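Asker: Dropping a prediction and its sequence here:
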Amino acid sequence: MSKRVLIIDDEENIRRVTRLTLEAAGYEVGEAADGERGLEAFGSGSSWDAVLLDQRMPGMDGLETLRQIKERQSNARVIMSTAYASIELAVDAMKLGATDFVRKPMTPEILRNAVAASLAKQTSVTLVPPAPPQRDSGEPLIQIITMNGFTILNSDAVRQEPNERRFLVKSPDGSEHEVLVQIDEEAVGYVERMTRRRLPAENSFWTTQAERLLSDYLWKEGKVPPMKRLVITDVGIDELPVAARWQST
């Protein structure tokens, strides 16, 4: 029996393209043009295997729609989609119970991968990160997050060298990859010059930056980095106040 996916999105052309992509992959598909009609179509949730939910919609937005869907069926598989994402928004969606977060416009491959990965997850296990700690607490930003069907399985990055962080990433096909993120000394020096305090490469600030870089890459590219390696070469200007307050450990 075909799996059934409900699309909730206010853009008709996106619903049409998404429907055609999923139907070509063998899914049965339903549509709703906003959050309220999406909740009507969802009902108790018993007839749907997954929901693809837009974040920005007129009236009831995606997060509120997600919250009400989870109230009706706590184990509903809901994939959030948006063109305006941030890591913080993704964390909010995961806290409410979203199983994945995909970037618009998405390729057919990313869409199919995200739906397949969501359906493959056990409903008895909820991959929900805890409330994010304060950004200057010296702790990693998030613990588990899924983007475009890729999951960073943990944020307790292994550090073999002071300037390295190693993360375990699970692909939509179930394969696992160790990804190395290196911290360039130029980035460390830039932060020191701008904040007048030194945060060496082994500081936990860089663990958070490494996780953010990896999350951003999975979000924008929808694939594991080439050679399974990324390098932090700079720091965004909005991160400098965070660095200035960061613990020295």
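Answerer: Great, that's in hand.
Asker: only C-alpha atoms for contact and neighbour calcs from this point on.
Answerer: Will do.
Asker: Can you tell me how far the residue located most distally from the centre of the chain is from Leu20?
Answerer: Within the chain, the residue lying farthest from the chain centre (CA atoms, centre = their mean) is Arg196, at 33.0 Å. Going from Arg196 to Leu20 by CA to CA, to the nearest Å gives 55 Å.
Asker: before we move on, back to that, tell me the spacing between the residue farthest from the centre of the chain and Pro162.
Answerer: For Arg196, the distance to Pro162 - CA to CA - is 21 Å.
Asker: cool, Glu211 as well?
Answerer: Relative to Pro162, and taking CA to CA, Glu211 is found at 15 Å.
Asker: More neighbours: those two, which one.
Answerer: Remark: of Glu211 and Pro162, Glu211 carries more neighbours, 24 against 13, as counted by other CA atoms under 10 Å.
Asker: and the strand or helix carrying that one, which residues are buried?
Answerer: Under the criterion of DSSP states H and E, Glu211 resides in helix 204-221. Buried residues in helix 204-221, counted by 16 or more other CA atoms under 10 Å: 204-219.
Asker: Break the protein down into its structural domains.
Answerer: For the chain, automatic domain parsing gives the domain ranges 4-120, 145-245.
Asker: JSON lines for those, including mean pLDDT?
Answerer: Compiled in JSON lines, the domains of the chain are given as follows (pLDDT from 0 to 100):
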{"stretch": "domain 4-120", "mean pLDDT": "90"}
{"stretch": "domain 145-245", "mean pLDDT": "88"}
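Asker: what's the distance between the residue nearest the centre of the chain and Tyr27?
Answerer: In the chain, the centroid-proximal residue (CA atoms, centre = their mean) is Met147; its distance is 3.5 Å. Met147 is 21 Å from Tyr27, where distance means CA to CA.
Asker: next one: Thr18
Answerer: 11 Å.
Asker: neighbour count winner among those two?
Answerer: A count of neighbours by other CA under 10 Å puts Thr18 above the other of Thr18 and Tyr27, at 22 against 18.
Asker: SS state for that one?
Answerer: helix (DSSP: H, G, I helix; E, B strand; the rest coil).
Asker: Next up, the contacts around it.
Answerer: 7, 111 (CA atoms under 8 Å, 6 or more residues apart in numbering).
Asker: Then the one 3 residues further on?
Answerer: When the contact criterion is CA under 8 Å, 6+ apart, the partners of Thr21 are 108, 112.
Asker: Right, I'll call it a day here.
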